[in-house]
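1. have a look; sequence and predicted model below, questions after that.
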Amino acid sequence: VKFNNCAGNKGVRYETNSLDFKVRADGTLFAAHHLQVPSKQLILLVTAWDPQTLASWEAMVRFLVAEKSQHNGHKPKGRKAVPGELVQQQSDTLLPWRQHQSANGLRRQKRDWVIPPINVPENSRGPFPQQLVRIRSDKDKEIHIRYSITGVGADQPPMEVFNIDPVSGRMYVTRPMDREERASYHLRAHAVDMNGNKVENPIDLYIYVIDMNDNRPEFINQVYNGSVDEGSKPGTYVMTVTANDADDGTTANGMVRYRIVTQTPQSPSQNMFTINSETGDIVTVAAGLDREKVQQYIVIVQATDMEGNLNYGLSNTATAIITVTDVNDNPPEFTTSTKFMEGLQPQKGVRTSAGITRDLAGSLEGQAGSRDWRGMGLPTTSTHSPFSFSQPQGPREKIQHFAAALALRGGAQIDYEMNRAFMLTVMVSNQAPLASGIQMSFQSTAGVTISVTDVNEAPYFPTNHKLIRLEEGVPTGTVLTTFSAVDPDRFMQQAVRYSKLSDPANWLNINATNGQITTAAVLDRESDYIKNNVYEATFLAADNGIPPASGTGTLQIYLIDINDNAPELLPKEAQICERPNLNVINITAADADVDPNVGPFVFELPSAPSAVRKNWTITRLNGDYAQLSLRIMYLEAGVYDVPIIVTDSGNPPLYNTSVIKVKVCPCDENGDCTTIGAVAAAGLGTGAIIAILICIIILLTMVLLFVVWMKRREKERHTKQLLIDPEDDVRDNILKYDEEGGGEEDQDYDLSQLQQPETMDHVLNKTPGVRRVDERPIGAEPQYPIRPVIPHPGDIGDFINEGLRAADNDPTAPPYDSLLVFDYEGSGSTAGSVSSLNSSSSGDQDYDYLNDWGPRFKKLADMYGGGEED
């Protein structure tokens with residue numbers, strides 16, 4: 001019995017269901033003892049099983065027993081073997097079915113039933129089971145036949161994908177097919193009678209799954225890196241991007257086409273590169289690449305199947321980072337012959353200003369080759385010199401100090417206790433020839449003195465910037481990566497501690513001892529902190545040296561979009577005519593996600609309430625737009641909330657039920673809502689509209705009357721102005737003079753207080769709180785009101801009251817009748833006292849003109865102009 005378990009048959013054991021037969025380890029079946037087989041046919045069941053995995057396999061063995069001509073098993077001499085004896089000698093051969101024989105040996109039977117290949121489309125929606133074909137034998141008219149199928153998809157995994165009706169021979173598929181999982185199936189159909197005897201030979205059935213466009217193109221890499229020399233001519237090859245589509249490549253479903261979506265920066269042209277739509281080769285299309293101006297371009301490439309049809313094909317994008325490499329168009333030169341340098345460390349450079357080159361540091365054009373002509377205690381040949389010129393890593397200014405790249409050769413050791421200074425004579429030149437047209441010397445020499453100082457060096461991150469990729473929405477506490485730094489001070493027992501330097505969204509945590517990065521919050525690709533799907537955080541690594549030194553490293557997290565945002569319907573409000581076929585509403589959707597988790601969108605109306613689908617209908621325009629229109633012939637004017645279900649194309653898809661407010665209104669012949677119709681659509685009747693118009697008219701009338709009244713009042717104020725000039729208005733004296741009382745003779749005042757003091761010493765040395773009444777008050781000046789340029793008689797009372805209120809609230813104001821406002825006027829007056837004037841008239845002056853001065857001088861006119869009797 002031949003058996004193979006695909007593992008070398010190690011340890012496999014055999015058993016039979018009969019005690020008369022046994023099976024050796026090599027599969028040989030033998031009789032356990034001497035026995036006599038009474039029948040001409042013997043059927044045994046042989047089992048092979050693995051004692052380790054306990055897996056078992058069974059096979060049925062059928063013996064055809066024949067009688068032996070002699071006991072020793074040899075033929076008699078001189079006797080020929082006839083065909084019957086040949087069959088008896090071959091009776092130990094195991095045959096699955098007995099062959100039909102003829103006089104000339106085995107006879108081949110003709111197969112009398114043929115089934116053509118069967119094609120089944122993938123992703124079928126059913127209903128299942130779905131009939132594929134009917135199998136029928138031409139012998140079913142004579143006997144009852146039972147049909148069955150075997151093979152992968154029937155009785156082998158995947159099980160029960162196909163089944164067959166044993167009576168009618170109808171073959172069914174039981175579930176949707178996936179061509180990407182399995183493109184074809186090979187089954188065998190059997191036909192037997194009611195006793196299980198074979199009626200027909202088994203026939204092969206080939207089932208092919210028809211491909212559908214259900215897979216987006218996938219780029220091999222999400223980020224591609226390439227380079228091109230500055231000054232390259234148009235047509236120069238840069239890189240190749242490749243996207244694979246799991247669909248059938250022989251159909252349009254799997255034919256991918258490429259195009260460039262955006263280029264950043266767009267300098268000196270927005271189309272510096274182009275891409276072969278079929279091969280994905282990116283080449284330059286415009287001249288003007290200059291590394292000194294733009295060092296790197298970021299190009300977004302889109303791959304679309306269906307031979308690039310953007311309306312029907314599925315798309316995906318990738319990022320191509322193109323670095324502009326430097327060419328040698330700037331020769332180096334020394335700016336000084338000697339330079340004192342200290343702090344030199346193994347494998348580190350020394351920053352000096354010994355020379356400059358405008359080419360890129362680290363490139364062949366920007367590197368300066370040196371020759372060591374003389375050294376103290378060291379070999380002086382260029383091959384054995386411990387120093388070399390190699391540009392330091394990292395970005396530099398456009399003008400590079402190439403002497404800053406003077407560093408130790410690999411493997412060289414500098415010991416501060418052994419060598420504290422080195423004197424070198426170096427020659428510097430470009431490692432690449434100058435570009436054509438540069439008429440300058442290609443080398444320069446200088447003397448350099450190097451002083452070695454032992455200093456503490458800062459830790460550094462070997463991978464900086466470090467880029468990792470993960471899907472957004474990972475839970476809090478997820479370990480992202482380990483961002484560890486290396487301390488170059490290997491012989492110092494220093495510990496490195498980690499901390500956050502910049503985490504804009506506060507999404508990350510770092511272990512202070514080992515640099516393990518974990519999430520402190522859920523990472524969201526749609527956050528404002530994400531730029532081009534990348535989130536950047538900066539971390540600090542510091543040692544405990546003297547003095548402490550620290551280094552920084554940047555971690556870039558590329559967040560892969562997942563479908564976590566449902567689409568939103570746009571617009572939120574619209575209007576439409578109350579009768580169909582006049583206008584429609586164009587609707588679309590906005591999704592915060594990106595391809596492939598956005599469009600094409602599916603717009604549909606909900607089944608409940610039933611009035612929605614009864615009154616409205618949606619017509620699809622393309623993957624992003626649809627039209628909402630009336631289904632019925634007339635809809636009453638008003639505002640309707642129409643719910644619409646919007647579903648995106650994510651995996652799994654998300655949907656959102658949004659409500660659009662539709663204002664249905666009567667329209668004119670152009671399809672525009674009329675004014676009255678728009679108001680009626682808002683839900684107002686004719687009476688309400690008339691009431692609103694009356695209120696508006698009344699309000700306008702009141703405003704007009706108020707304006708007329710204000711104009712009239714302003715006119716009256718102008719007619720009552722004073723007839724005298726504002727500068728001669730005596731009312732201004734109210735602010736300048738306080739009331740002085742009844743005069744010197746009416747009040748008993750000490751006029752000595754009004755005399756000007758001879759010196760100010762007594763004022764400066766005076767005890768706080770004691771002040772002379774004739775001193776100028778010290779403090780903030782009172783805020784007195786300003787008299788208007790054109791005074792109005794009605795404002796005089798308010799003006800006087802405001803002045804009095806300001807004077808009363810002035811903390812620095814002197815007591816009343818103290819005459820502090822006036823200065824000392826002298827020891828006496830030749831005019832004498834005012835009180836000595838007689839109020840009676842001598843008769844030589846006529847005061848009748850006071851009657852003509854108006855009501856303000858009526859009192860004086862009565863006192864002096866009344867005649868002799870007065």
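-> Yep, that arrived.
2. need the pLDDT of residue 193.
-> pLDDT for residue 193: 91.
3. residue contacts, it?
-> Contacts of residue 193 were listed using Cβ atoms under 8 Å, 6 or more residues apart in numbering, and they are 143, 144, 145, 146, 199. (Glycine included, C-beta is placed from N, CA and C.)
4. do that again at 7 Å, thanks
-> Residue 193 makes contacts with 143, 144, 145, 199, as judged by Cβ atoms under 7 Å, 6 or more residues apart in numbering.
5. ok, what's across the strand from it?
-> Here residue 193 shows beta-bridge partners residue 145, assigned using DSSP bridges.
6. roughly how far apart are it and residue 146?
-> According to Cβ to Cβ, to the nearest Å, residue 193 stands 7 Å off from residue 146.
7. coming back round to it: whichever of the contacts of residue 193 end up buried, select them in ChimeraX.
-> Selection of buried members from the contacts of residue 193 for ChimeraX, criterion 16 or more other Cβ atoms under 10 Å:
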select :145,199
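8. which one of the contacts of residue 193 is nearest to residue 173?
-> Ranked by distance to residue 173 (Cβ to Cβ), the contacts of residue 193 are led by residue 145 at 22.3 Å.
9. and the strands in the stretch 551-700 of the chain?
-> Remark: strands assigned in the stretch 551-700 of the chain by DSSP state E, counting those that start in this stretch are 568-570, 573-577, 585-590, 602-604, 616-620, 625-630, 638-647, 655-665.
10. dump these to CSV, plus mean pLDDT, distance to residue 500 and mean neighbour count.
-> Listed next are those as CSV, based on pLDDT from 0 to 100; distance: least, Cβ to Cβ, whole Å; neighbours: other Cβ atoms under 10 Å:
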stretch, mean pLDDT, distance to residue 500, mean neighbour count
strand 568-570, 87, 35, 17
strand 573-577, 87, 46, 18
strand 585-590, 89, 35, 18
strand 602-604, 89, 44, 18
strand 616-620, 88, 50, 16
strand 625-630, 88, 46, 19
strand 638-647, 89, 40, 17
strand 655-665, 88, 37, 17
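11. which of these sits closest to residue 277?
-> strand 625-630 (26.1 Å).
12. angle of that closest one against strand 616-620?
-> 160 degrees (axes from the mean of the first three to the mean of the last three Cα atoms, to 10 degrees).
13. contacts for strand 625-630 next, please.
-> 576, 580, 584-588, 603, 615-621, 642.
14. which among those residues gets closest to residue 253?
-> residue 620 (21.0 Å).
15. residues contacting that closest one?
-> Residues in contact with residue 620 (Cβ under 7 Å, 6+ apart) are 603, 626.
16. any idea what it is bridged to?
-> Under the criterion used (DSSP bridges), residue 620 bridges to residue 626.
17. separation between it and residue 314?
-> 17 Å.
18. let me see the contact set for the spatially closest residue to residue 601 that is not a sequence neighbour.
-> Counting by Cβ to Cβ, 6 or more residues apart in numbering, residue 589 is the residue found nearest to residue 601 once chain neighbours are left out, at 4.6 Å. Going by Cβ under 7 Å, 6+ apart, residue 589 touches 567, 568, 569, 570, 601, 646.
19. just residue 498 next, same as before
-> 510, 511, 512, 515, 539, 541.
20. that one sits in which helix or strand?
-> Using DSSP states H and E, residue 498 sits in strand 497-502.
21. list the buried residues of that strand.
-> Neighbour-count burial for strand 497-502 [16+ other Cβ under 10 Å]: 497, 498.
22. next secondary structure element downstream of that strand?
-> strand 508-510.
23. what residues does that following strand touch?
-> In contact with strand 508-510 (Cβ under 7 Å, 6+ apart) are residues 498, 499, 500, 517, 518, 519, 520, 537, 539.
24. just flag the most distant two among these.
-> Among these, the pair separated by the greatest distance (Cβ to Cβ) is 499 and 519, at 17.0 Å.
25. output the below-cut-off pLDDT ranges for the stretch 201-350 of the chain.
-> For the stretch 201-350 of the chain, the stretches flagged by pLDDT under 70 are 329-331, 333-350.
26. please redo it, this time with the cut-off set to 50
-> Scanning the stretch 201-350 of the chain for pLDDT under 50 picks out 337-350.
27. residue 207 is in what secondary structure piece?
-> Per DSSP H and E: strand 198-210 holds residue 207.
28. list the buried residues in that strand.
-> Buried residues in strand 198-210 (16+ other Cβ under 10 Å): 199, 200, 202, 203, 205, 207, 209.
29. the longest helix in the chain is where?
-> Ranked by residue count, the top helix of the chain under DSSP state H comes out as helix 686-719.
30. could you measure from residue 143 over to residue 136?
-> Applying Cβ to Cβ, the value for residue 143 to residue 136 is 13 Å.
31. I meant to write residue 499 there.
-> The gap separating residue 499 from residue 136 is 80 Å, by Cβ to Cβ.
32. one more: residue 483?
-> Taking Cβ to Cβ, one finds residue 483 at 70 Å from residue 136.
33. repeat that for residue 629.
-> For residue 629, the distance to residue 136 (Cβ to Cβ) stands at 52 Å.
34. what's the answer for residue 552, then?
-> The gap separating residue 552 from residue 136 is 79 Å, by Cβ to Cβ.
35. likewise for residue 283?
-> 61 Å.
36. next: residue 189.
-> 10 Å.
37. more neighbours: those two, which one.
-> Neighbour count, other Cβ atoms under 10 Å: between residue 189 and residue 136, residue 189 has more, with 23 against 15.
38. so is that one in a helix, a strand, or just coil?
-> strand (DSSP: H, G, I helix; E, B strand; the rest coil).
39. do residue 468 as well
-> Using three-state DSSP, the structure places residue 468 in strand.
40. if anything else comes up later, I'll come back, but that's it for now.
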